[in-house]
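Enquirer: sequence below, structure please.
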Amino acid sequence: MKNIVFFTFVLLFLGSCQDQERERRLKKKEVELTQKEQALLLRENALALREQSIAKEVHVLDSTRQASLDSTQYNPTGVWAARMNCIETDCPGSAIGDSKNEQWEISYQQSGILVQASVNNRIVRLYTGTLTGNTLTLNAQHTDDEALPDANTNITVQLQAATEQRLEGQRIIERPGNCRIIYALELTKK
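Expert: Coordinates of the predicted model:
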């Protein structure tokens with residue numbers, strides 16, 4: 001009988017040792033898991049800081065690009081494909097949605113800007129104007145060929161640099177009798 005009691009006591013002792021060993025392993029795994037969670041949180045924080053830094057750099061680069069377009073050193077000279085779409089009119093013979101395509105050659109002339117507008121390699125209109133910052137303001141000039149319908153017609157153009165390769169703005173034609181046509185104008189550098 002003593003053997004049975006002794007054997008039972010040994011089994012209980014060994015069972016409790018195994019429970020203690022299991023608890024120790026579980027605690028060790030809990031500590032490891034907590035350490036991994038903390039390491040993951042540190043990585044997430046580092047990534048968030050890195051994303052903020054990249055966002056700031058992108059913002060600086062975008063503002064630098066815009067500042068370069070806003071500066072007075074913008075140079076619009078060259079050959080441009082001009083696309084015009086009528087967006088407003090109260091003149092007979094024109095309709096909203098009318099479109100025109102021309103080629104514009106922009107150059108400097110004395111202290112201003114000269115634009116030669118051509119269709120099928122034939123100059124149809126001359127514009128002169130000024131460049132202020134990244135804004136180009138032009139007025140059509142009457143020529144001997146008289147591309148304008150009559151001497152009382154005024155054509156003004158206002159363009160701004162959207163990028164170094166694209167200008168956007170409006171062309172406004174004003175004729176006698178409160179007749180006005182407005183075109184949305186987009187120029188793409190060739």
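
Enquirer: in a helix, Lys27, correct?
Expert: Yes - counting by DSSP: H, G, I helix; E, B strand; the rest coil, Lys27 is found in a helix.

Enquirer: how many neighbouring residues does it have?
Expert: By the criterion of other CB atoms under 10 Å, Lys27 has 10 neighbours. Using the backbone N, CA and C atoms, a C-beta is placed for each residue, glycine as well.

Enquirer: so what's it up against?
Expert: Lys27 sits next to no residue when contact means CB atoms under 8 Å, 6 or more residues apart in numbering.

Enquirer: so what pLDDT did it get?
Expert: At Lys27, the model reports a pLDDT of 88.

Enquirer: would you check that Gln170 makes contact with Leu138?
Expert: No - applying CB atoms under 8 Å as the test, Gln170 and Leu138 come out as separate, 11.0 Å apart.

Enquirer: so those two - more neighbours on which side?
Expert: Higher neighbour count among Gln170 and Leu138: Leu138, with 25 against 15, using other CB under 10 Å.

Enquirer: just to revisit the earlier point, shared neighbours, Gln170 and Leu138?
Expert: With CB under 8 Å, 6+ apart as the test, Gln170 and Leu138 both reach Val157, Gln158.

Enquirer: residue ranges for the helices of this structure, please.
Expert: Secondary structure of the chain (DSSP state H): helices located at 2-70.

Enquirer: for it, what are the low-confidence residue spans?
Expert: 1-2, 5-18, 62-73, 143-150 (pLDDT under 70).

Enquirer: in stretch 75-90, what's buried?
Expert: Pro76, Trp80, Ala82, Met84, Cys86, Thr89 (16 or more other CB atoms under 10 Å).

Enquirer: for these, give me a markdown table that also has distance to Glu32.
Expert: Shown next, in a markdown table, are the buried residues of stretch 75-90 (distance: CB to CB, whole Å):
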| residue | distance to Glu32 |
| --- | --- |
| Pro76 | 65 |
| Trp80 | 66 |
| Ala82 | 69 |
| Met84 | 70 |
| Cys86 | 72 |
| Thr89 | 76 |
